[in-house]
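*Asks:* using only what follows, build the 3D model:
(chains A and B)
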There are 2 protein chains.
Amino acid sequence: MTKPAALGQFSAAFRNDFAELLRWRRDVRSFRTDPVDDAALARCLDAFTLAPSVSLSQPWRIVALSSETARTAALENYKTFNAAALAGTEGEAAQSFASQKLKGLEDAPVQYAVFSDESATHGHPLDLSAIPRVLEYSVAAAIMQFWLALRAEGIGLGWVSRLDQSRLKADLDLAQSWTLVGYLCVGYPTQDSALPELQVQGHEERAACPVVLEL
Amino acid sequence: MTKPAALGQFSAAFRNDFAELLRWRRDVRSFRTDPVDDAALARCLDAFTLAPSVSLSQPWRIVALSSETARTAALENYKTFNAAALAGTEGEAAQSFASQKLKGLEDAPVQYAVFSDESATHGHPLDLSAIPRVLEYSVAAAIMQFWLALRAEGIGLGWVSRLDQSRLKADLDLAQSWTLVGYLCVGYPTQDSALPELQVQGHEERAACPVVLEL
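*Replies:* Below is the predicted model of the structure:
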């Protein structure tokens, strides 16, 4: 039995498992179509609530695309955007990558479009940030927590960023002032791997360790 | 004993501890000045290497501000920027918030400026993203992983975003094409809390659960 991490103390065993979690987290493209366990999903969504945000602004806006209409809008959006983008390229890698992501959009049982609401700090007395996109960074960080929580439950996430966001917002009747940070496909992966798919396919190599420039 | 999380399987005990980790992660403003354990810090920096990035571009550029010159540049930058920003406000909350963050910059033994290198996907065949700031989102997500890894080691992180990034890059002789995502103060916290500081001080409340809009 692990001693529970009460009072914010964590064991070496936990840290090892956490390192394993980071190692096994993947950008999943191939999903089973069976439903995701509701209770597990709800627990994972709590990761948003617990995420940091500048001035505690909580700027994430989560849209679940559940209806046939909403799903079709996203799928058609992806297809149109990629057809245009791929028209200018000849690489097989790019074509293959695009069709893998498309399969994720067709199969993943749960799909979320996650936005940053730029009005979340309007009138906020602490809103003096010099980094213009800090609200979007808060949303990206929250998605990261959600991603790790899902992986710990054996649920995969694939982050899709090739969508025409103006069209998506128009189709879903959402505020144009929201910024799309990620379109997330969620479901059980058909396979697990400790290596990124782009590395498995030989397109990219991961750096062995981060370069830190000392000044 | 926890069963090690080999083959990417995680236990309910691990998930409970991970939820505790999210609950105890804070934006730390008050640091002890003693050095951070080198081995622990190196383990935590691996969280960058394992972070997701669009097209495996690994766009994070980590600058450790270790010299007196570099530290003074950051501190003066913060002071000047905040004096200008606060001149237009009268709120005590804003003043108090600014001075807490200043104390973090004065005390934290380890400080990193973390940038996104916009050239990281130049010429990349898979670089067809429709979301313009997706490289910066990858860096924000990587910082989130680093933050959680630190907290699991009992080390705190404070994310500072009120700096004039053009001036910081000029002072540190860094490429102007880099984008500052976060300036991170790192060290052992003087206290632990399961509540955000802004909530403790009564400025903000955290939402009980994330709102998911079903479409």
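
*Asks:* helices of chain A, start to end?
*Replies:* In chain A, the helices defined using DSSP state H lie at A:12-24, A:38-49, A:68-87, A:92-107, A:134-152, A:165-171, A:197-200.

*Asks:* what's the third one packed up against?
*Replies:* Translated: helix A:68-87. helix A:92-107, strand A:110-117, helix A:165-171 (3 or more C-beta pairs under 8 Å, 6 or more residues apart in numbering or on different chains; DSSP states H and E). Using the backbone N, CA and C atoms, a C-beta is placed for each residue, glycine as well.

*Asks:* coming back round to it: nearest to B:Thr179, out of the helices of chain A?
*Replies:* Evaluated over those, closeness to B:Thr179 peaks at helix A:134-152, with 10.4 Å, by C-beta to C-beta.

*Asks:* is that closest one anywhere near chain B?
*Replies:* Yes - residues of helix A:134-152 contacting chain B under C-beta under 8 Å from any C-beta of the partner chain: A:134, A:136-138, A:140-145, A:147-149, A:151-152.

*Asks:* for stretch A:7-23, same thing?
*Replies:* Yes - legend: contact between stretch A:7-23 and chain B by C-beta under 8 Å from any C-beta is shown at A:7-11, A:13-23.

*Asks:* quick check: PyMOL command selecting the buried ones in the residues you listed.
*Replies:* Only the buried entries of those go into this PyMOL selection, using 16 or more other C-beta atoms under 10 Å in any protein chain shown:
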select buried, chain A and resi 8+10+13+14+15+17+18+19+20+21+22
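
*Asks:* going by distance to B:Ser30, which of the residues of stretch A:7-23 next to chain B wins?
*Replies:* Nearest to B:Ser30 out of the residues of stretch A:7-23 next to chain B is A:Gly8 (C-beta to C-beta; 15.3 Å).

*Asks:* the closest one contacts B:Glu20, correct?
*Replies:* Yes - A:Gly8 lies in contact with B:Glu20 (C-beta atoms under 8 Å); the separation is 7.2 Å.

*Asks:* returning to that earlier point: closest to B:Trp159 out of the residues of stretch A:7-23 next to chain B?
*Replies:* For these, the nearest to B:Trp159 is A:Gly8 (18.6 Å; C-beta to C-beta).

*Asks:* got a list of what the closest one touches?
*Replies:* Residues in contact with A:Gly8 (C-beta atoms under 8 Å, 6 or more residues apart in numbering or on different chains) are B:Glu20, B:Trp24, B:Arg151, B:Asp192, B:Ala194.

*Asks:* so which of those residues is the closest to B:Val181?
*Replies:* B:Arg151 (19.0 Å).

*Asks:* residue contacts, the nearest residue to that closest one once chain neighbours are set aside?
*Replies:* In space, and not counting its chain neighbours, B:Arg151 is closest to B:Arg25: 4.7 Å by C-beta to C-beta, 6 or more residues apart in numbering or on different chains. By C-beta under 8 Å, 6+ apart, the residues touching B:Arg25 are A:Leu50, A:Pro52, B:Trp147, B:Leu148, B:Arg151.

*Asks:* quick check: phi and psi on B:Arg25?
*Replies:* phi -70, psi 130 (degrees, to the nearest 10).

*Asks:* the one 4 residues further on too?
*Replies:* The main-chain torsion angles of B:Arg29 are listed as degrees, to the nearest 10 and equal phi -110, psi -20.

*Asks:* now chain A, which segments are flagged as low pLDDT?
*Replies:* By pLDDT under 70, the weakly predicted segments of chain A are A:1-6, A:88-90, A:122-130.

*Asks:* re earlier: pick the most deeply packed of the helices of chain A.
*Replies:* helix A:134-152 (a mean of 27; mean count of other C-beta atoms under 10 Å in any protein chain shown).

*Asks:* the strand ranked longest in chain A close to chain B?
*Replies:* When chain A is scanned for its longest strand (criterion: DSSP state E), the result is strand A:178-187. Yes - using C-beta under 8 Å from any C-beta, strand A:178-187 comes into contact with chain B via A:Leu180, A:Val181, A:Gly182.

*Asks:* packing partners of that strand?
*Replies:* helix A:92-107, strand A:110-117, helix A:134-152, strand A:156-160, helix A:165-171.

*Asks:* centre of the chain versus the last one, how much separation?
*Replies:* Think helix A:165-171. 18 Å (C-alpha atoms, centre = their mean, to the nearest Å).

*Asks:* what's it packed up against?
*Replies:* Using 3+ C-beta pairs under 8 Å, 6+ apart, helix A:165-171 sits against helix A:68-87, strand A:178-187.

*Asks:* mind listing residues that contact it?
*Replies:* Taking C-beta under 8 Å, 6+ apart as the rule, helix A:165-171 contacts A:73-74, A:77, A:113, A:174-176, A:178-180, A:183, B:130-131.

*Asks:* circling back: reformat the helices and strands packed on helix A:68-87 as TSV; add distance to A:Glu204.
*Replies:* Listed next are those as TSV, based on distance: least, C-beta to C-beta, whole Å:
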stretch	distance to A:Glu204
helix A:92-107	10
strand A:110-117	25
helix A:165-171	25
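
*Asks:* so for chain A, the centremost residue is which one?
*Replies:* A:Trp159 (4.4 Å; C-alpha atoms, centre = their mean).

*Asks:* skipping its backbone neighbours, what lies nearest that residue in space?
*Replies:* A:Trp159 sits nearest to A:Gly182 (C-beta to C-beta, 6+ apart), 5.0 Å away.
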